[in-house]
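Student: Quick one: sequence plus predicted model below, questions after.
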Amino acid sequence: MSDTVNVAIIGVGNCASSLVQGIEFYRDARPDEPVPGLMHTVLGGYHVSDIRFTAAFDIDARKVGRDLSEAVFAEPNNTIKLSDVPHTGVTVERGMTHDGIGQYLKDVVTKAPGPTADITGILRDTNTHVVVSYLPVGSEEATKWYVEQILRAGCGFVNCVPVFIGREAYWQGRFAERGLPIVGDDIKSQVGATIVHRQLARLMAERGVRLAHTSQLNFGGNTDFLNMLERERLVSKKESKTNAVTSILTEEIGKDDVHIGPSDYVPWLKDRKWAHIRLEGSGFGEAPISIELKLEVWDSPNSAGIVIDAVRCAKLAIDRGIAGTLEGPSSYFMKSPPVQYPDAVARELTEDFISGASDAALAPADAVPPAATEEVETAGA
């Protein structure tokens, strides 16, 4: 066991910025009393301040080569400032591109020159325990390429993006073979559109209301929303968000009666997100009932507290020799875990995992490997 949780970040965007700032913001949080913004100040013996950044990877010329403390504030990042960040001694290294830059991001991101860094070597040399992926939505091949490097380096993985790794039997098996944990897939924010929508849909079902139609429209001004203007990159994101809501319903709802997904990019919102949620159904005597809600959050800080818990759960799994996809933490922290539970059940499973009452990781079923993912892209790509 180590007395720190050594974390590497793939993608130094707004989410990484909020995570890095948040660790500094809560560094001196008292462990013996509740702290606003955190679900766990101490988790499994690890305080928030025990999280240490050991490596970071990006492709933007404004970030590569800079200390992580500077890179998190570099454009096009535009999230709210939570805290000053002292010099970390971690230089942002040149990552791999693959399909990480879409049609719209290429207009705001200038790729750094030079070859792709030795990702596996850096992770090993820095004794990184857990790698967090913040790659852009739609980065299917980039995600799989990085996962291969993570496996070779022998690190745990927290997959914050909607590319399905933790829920897939093939990747579960690969991580289990190496004795490594995964928490995935697609981060579920602390109080975000997904968990609010889930709770409302579940409430209606449990109170005997039949849900007829529901929608969730999201607007934001960060590069995530800019990237998602490219609808071809949204297939897995829409699947992830839709399944997160519909999976907890007691009755099926028609495909055409559900619309959940990112809707538009509004630059002046910056890293704020507006979510408009509507549910329509019928109650007693088939009298109509509708709920309409607007949620406004700073998008990236809303996920940072979840990641703080997820990386500590991954480190606990490493300490305890638990490998594969962590069932409880994945169901509680992620939109697309291998098994969907109601949030109250997922929370209980996670607390059992943290306390050591349960060491459940999913046993992977037989699976056919996905399309080739191990090609090494040429240097500087």
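Tutor: Arrived safely, thanks for sending.
Student: contacts, neighbours, all on C-alpha from now
Tutor: Noted.
Student: Now do the helix or strand of the chain with the lowest mean pLDDT: distance to the chain's middle.
Tutor: In the chain, the helix or strand scored least confidently by mean pLDDT, DSSP states H and E is helix 235-246, which has a mean of 86. Chain-centre distance of helix 235-246: 14 Å, with CA atoms, centre = their mean, to the nearest Å.
Student: what do you get for stretch 263-272?
Tutor: That offset, for stretch 263-272, works out to 20 Å (CA atoms, centre = their mean).
Student: what sits up against that stretch?
Tutor: Here stretch 263-272 makes contact (CA atoms under 8 Å, 6 or more residues apart in numbering) with 14, 78-80, 217-222, 225-226, 229, 296-300.
Student: 6 Å - rerun?
Tutor: 78-79, 217-222, 225-226, 297-299 (CA atoms under 6 Å, 6 or more residues apart in numbering).
Student: Select only the buried ones of those residues in ChimeraX?
Tutor: Applying 16 or more other CA atoms under 10 Å to these, the buried members can be selected in ChimeraX as follows:
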select :78,79,217,218,219,220,221,222,225,226,297,298,299
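Student: Please report the distance of Ser69 from Asn14.
Tutor: Separation of Ser69 from Asn14 (CA to CA, to the nearest Å): 13 Å.
Student: neighbour count winner among the two?
Tutor: Asn14 (27 against 20; other CA atoms under 10 Å).
Student: so that one makes contact with Pro76?
Tutor: No - in this structure, Asn14 is not within contact of Pro76 by CA atoms under 6 Å, at 8.6 Å.
Student: Tell me which of the contacts of stretch 263-272 fall in helices.
Tutor: Counted as lying in helices by DSSP state H, out of the contacts of stretch 263-272, are 225-226.
Student: To what extent is Gly156 buried, counted in neighbours?
Tutor: By other CA under 10 Å, neighbour count at Gly156 equals 30.
Student: Could I get the contacting residues of the residue sitting furthest away from the middle of the chain?
Tutor: Residue farthest from the centre of the chain, counting by CA atoms, centre = their mean, is Gly285 at 41.9 Å. Residues near Gly285 by CA under 6 Å, 6+ apart: none.
Student: State the distance from the residue most central in space within the chain to Ser290.
Tutor: The chain has Cys160 as the residue nearest its centroid, 1.9 Å off, counting by CA atoms, centre = their mean. Going from Cys160 to Ser290 by CA to CA gives 32 Å.
Student: any idea how far Glu141 is from Glu93?
Tutor: 19 Å.
Student: meant to ask about Ala346, not that
Tutor: Counting by CA to CA, the gap from Ala346 to Glu141 is 30 Å.
Student: and the strand or helix carrying Ala275, how far from the chain's centre?
Tutor: Per DSSP states H and E: Ala275 is located in strand 272-282. On the basis of CA atoms, centre = their mean, strand 272-282 sits 22 Å off its chain's mean C-alpha point.
Student: now swap in stretch 148-161 and tell me
Tutor: For stretch 148-161, the distance to the chain centre is 13 Å (CA atoms, centre = their mean).
Student: That one: which residues count as buried?
Tutor: Here stretch 148-161 shows 148-151, 153-161 as buried, counting by 16+ other CA under 10 Å.
Student: Helices along this structure, start to end?
Tutor: Counting by DSSP H, the chain has helices at residues 14-25, 68-71, 119-125, 140-153, 169-178, 193-206, 223-227, 235-246, 301-320, 327-333, 343-355.
Student: Is it correct that Gln190 is in contact with Ala304?
Tutor: No - here Gln190 does not reach Ala304: they are 8.2 Å apart, not a contact under CA under 6 Å.
Student: Quick check on these two: which one has the bigger neighbour count.
Tutor: Neighbour count, other CA under 10 Å: between Gln190 and Ala304, Ala304 has more, with 26 against 21.
Student: Isn't the more buried one up against Val20?
Tutor: No - between Ala304 and Val20 there is no contact under CA under 6 Å: 8.7 Å.
Student: returning to what we had before: take the helices of the chain and write them to CSV, including distance to Trp268.
Tutor: Formatted as CSV, the helices of the chain follow (distance: least, CA to CA, whole Å):
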stretch, distance to Trp268
helix 14-25, 15
helix 68-71, 22
helix 119-125, 35
helix 140-153, 29
helix 169-178, 39
helix 193-206, 20
helix 223-227, 12
helix 235-246, 23
helix 301-320, 18
helix 327-333, 29
helix 343-355, 33
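Student: nearest to Leu279, of those helices?
Tutor: helix 193-206 (7.5 Å; CA to CA).
Student: and the angle for that closest one with helix 343-355?
Tutor: Relative orientation of helix 193-206 versus helix 343-355 (axes from the mean of the first three to the mean of the last three CA atoms, to 10 degrees): 120 degrees.
Student: so where's the chain uncertain?
Tutor: Along the chain, segments meeting pLDDT under 70 span 1, 360-381.
Student: Ser355 and Gly328, how far apart?
Tutor: For Ser355, the distance to Gly328 (CA to CA) stands at 12 Å.
Student: More neighbours: which of the two?
Tutor: Comparing Ser355 with Gly328 by neighbour count (other CA under 10 Å), the higher total belongs to Gly328, at 29 against 13.
Student: doesn't Asp352 make contact with that one?
Tutor: No - using CA under 6 Å, Gly328 is not in contact with Asp352; the gap is 8.2 Å.
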